[in-house]
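In: Coordinates only, no sequence provided:
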């Protein structure tokens, strides 16, 4: 899956089916970062966390377990948010 297809599901509680066959529940979000070499280029990274860790990160700004995720690892997504 690519970032364009994942965008409607960012910052929402979802079920993700991964290429490995695993299903995980949580939240993904995109972070745009400036290139460190000073060229002005930007890149977008995707991160995953459990719903509990994501809410704690948003509300308390405390350190949580965040996992970098490549969009191509996700083969299906279903929103569980109401």
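Out: That came through fine. Computed from a predicted model, the values in this text were never measured in an experiment.
In: check contacts around the most centrally placed residue in the chain.
Out: If you average the C-alpha coordinates of the chain and look for the closest C-alpha using C-alpha atoms, centre = their mean, you land on residue 28, 2.2 Å from that point. Residues in contact with residue 28 (C-beta atoms under 8 Å, 6 or more residues apart in numbering) are 6, 9-10, 14, 16, 46-48, 69, 74. C-beta here means a position set from N, CA and C on the backbone, and glycine is covered the same way.
In: Then residue 17?
Out: Residue 17 touches 23, 74-77, counting by C-beta under 8 Å, 6+ apart.
In: Tell me the gap between the longest helix along the chain and the middle of its chain.
Out: When the chain is parsed with DSSP state H, its longest helix is helix 51-60. The gap between where helix 51-60 is centred and where its chain is centred comes out at 13 Å by C-alpha atoms, centre = their mean, to the nearest Å.
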